[in-house]
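Engineer: next comes the sequence, and after it the predicted model I'd like to discuss.
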Amino acid sequence: MVEPIIQLDHISKKYDQQYAVNELTLSIEKGEIFGLLGPNGAGKSTSILMMLGLSEPTSGRVQVCGMDSTTNPLAVKKRVGYLPDDLGFYEQMTGYENLLFTASLNAIPRPIAEERARDLLTKVGLKESGDKKAGKYSRGMRQRLGLADVLMKNPEVIILDEPTLGIDPEGVRELLALIKRLNQEEGITVLLSSHQLHQVQQICDRVGIFVQGKLLAEGNVEGLAKQLFFEDSFVIYAKANPVDNKLNEQLQDLAGVNRVVETDEHLEIYAETDISSAVARTVVEAGSDLFYIRKKNYGLDEIYHRYFEGGDEGGKASSA
Ligand SMILES: Nc1ncnc2c1ncn2[C@@H]1O[C@H](COP(=O)(O)OP(=O)(O)OP(=O)(O)O)[C@@H](O)[C@H]1O
């Protein structure tokens with residue numbers, strides 16, 4: 001089995017009488033991109049601070065790169081790059097100079113630092129702007145400089161708190177592609193927190209849904225959809241003509257079908273398994289024309305909606 005690179009074992013953080021994080025257990029494996037997903041105040045930042053050893057858990061154990069973050073924060077800091085949501089730079093210094101400054105704080109010898117800084121500026125798409133003052137960078141450029149900054153010390157893990165906040169759609173696309181590339185080419189493990197569903201879905205291997213200090217579910221998008229929509233895991237849209245009661249009944253009788261709904265547009269077949277080929281066969285054998293057949297894919301939006309915003313049955317979050 002692959003060793004987890006981040007291991008949270010029943011960690012809690014209590015402020016006054018309130019739990020910001022409540023019994024969080026989570027393993028993230030080397031090379032994964034994991035998305036911590038949840039609304040404001042869910043406890044994402046608090047969890048991140050505990051992983052970094054910047055905040056002490058009230059109870060539980062945090063290990064990163066095999067080291068205890070609470071008792072050994074400096075060793076963890078050497079191996080983990082952290083990009084907070086409001087990273088500050090020296091505005092009067094250029095992007096390149098800012099990177100060199102970070103290198104000096106990390107005791108990286110000057111010639112190595114110079115080469116790495118230029119190389120990273122190219123990697124994050126700031127080659128042309130590296131000698132511009134950081135104060136003149138756009139929000140998107142600052143985030144890319146932030147990424148270069150956390151990469152200066154060659155970390156094994158990077159933790160990004162809301163990395164795409166305040167960036168325009170094109171900037172978001174570029175930043176996410178960059179994160180994915182770093183993950184694939186350099187094997188860096190990435191943990192990112194976000195409440196931007198589409199973005200998380202685009203690049204994360206797995207996501208954890210976090211609300212009121214608790215991790216309610218984790219898995220890949222497909223797995224989460226299965227957990228949540230188990231009785232209607234598969235929805236098949238089929239446009240057929242003609243559709244009569246007999247065809248409706250035949251479809252309803254297929255094994256695994258829960259119900260068939262006829263809309264103005266098409267037939268919607270709700271099922272426990274993927275029965276698209278059986279649906280196609282049934283339509284054709286009934287003598288009807290089949291114009292299209294397609295499967296609905298649940299997205300994080302729908303998953304999120306079920307958890308946080310009521311959804312069916314008042315949502316899982318409120319009943320958890
Ligand atoms: N230093 C603190 N003292 C008291 N309460 C705190 C402190 N830090 C966080 N909290 C509380 O803990 C809860 C979780 O906050 P946290 O910042 O971890 O959430 P988050 O998921 O990162 O939210 P956001 O997306 O808004 O950053 C909130 O209710 C917050 O008010």
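Structural biologist: Happy to help now that I have it.

Engineer: who are the packing partners of the longest helix anywhere in the chain?
Structural biologist: The longest helix of the chain (DSSP state H) is helix 169-186. Judged by 3 or more C-beta pairs under 8 Å, 6 or more residues apart in numbering; DSSP states H and E, helix 169-186 is in contact with strand 33-37, helix 139-151, strand 189-194, helix 197-203. (Glycine included, C-beta is placed from N, CA and C.)

Engineer: same for the next helix or strand along the chain from the shortest one, what does it pack against?
Structural biologist: It stands for strand 33-37. Where DSSP states H and E defines the elements, the next helix or strand beyond strand 33-37 is helix 44-51. Packing partners of helix 44-51 (3+ C-beta pairs under 8 Å, 6+ apart): strand 4-15, strand 18-29, strand 33-37, strand 59-64, strand 157-161, strand 189-194.

Engineer: what angle sits between helix 44-51 and strand 157-161?
Structural biologist: Using axes from the mean of the first three to the mean of the last three C-alpha atoms, to 10 degrees, the inter-axis angle of helix 44-51 relative to strand 157-161 is 150 degrees.

Engineer: pull the distance from helix 44-51 to the chain's centre.
Structural biologist: Its chain's C-alpha centre and that of helix 44-51 lie 15 Å apart, by C-alpha atoms, centre = their mean, to the nearest Å.

Engineer: coming back round to it: can you pull the buried residues of the longest helix of the chain?
Structural biologist: 171-172, 174-176, 178-179, 182-183 (16 or more other C-beta atoms under 10 Å).

Engineer: please apply the same query to stretch 125-133.
Structural biologist: Neighbour-count burial for stretch 125-133 [16+ other C-beta under 10 Å]: 125-126, 129-130, 133.

Engineer: adding distance to residue 221 and pLDDT, write those out as a markdown table.
Structural biologist: Shown next, in a markdown table, are the buried residues of stretch 125-133 (distance: C-beta to C-beta, whole Å; pLDDT from 0 to 100):
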| residue | distance to residue 221 | pLDDT |
| --- | --- | --- |
| 125 | 28 | 89 |
| 126 | 32 | 93 |
| 129 | 35 | 94 |
| 130 | 37 | 94 |
| 133 | 41 | 96 |
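
Engineer: report the two of these separated the most.
Structural biologist: 125 and 133 (17.7 Å; C-beta to C-beta).

Engineer: what does this protein have sitting close to the ligand?
Structural biologist: Proximity of the chain to the ligand, by C-beta under 6 Å from any ligand atom, involves residues 15, 20, 38, 40-46.

Engineer: of those residues, buried ones?
Structural biologist: Buried members of the residues of the chain next to the ligand, scored by 16+ other C-beta under 10 Å, are 20, 38, 42-46.

Engineer: which among the residues you listed gets closest to residue 229?
Structural biologist: Among those, residue 38 lies closest to residue 229 (C-beta to C-beta), at 19.9 Å.

Engineer: buried set for stretch 160-171?
Structural biologist: By neighbour count on 16+ other C-beta under 10 Å, the buried set for stretch 160-171 is 160-164, 167, 171.

Engineer: where does residue 254 sit: helix, strand or coil?
Structural biologist: Classification of residue 254 by DSSP: H, G, I helix; E, B strand; the rest coil places it in coil.

Engineer: mind checking how far residue 220 is from residue 252?
Structural biologist: Counting by C-beta to C-beta, to the nearest Å, the separation of residue 220 from residue 252 is 31 Å.
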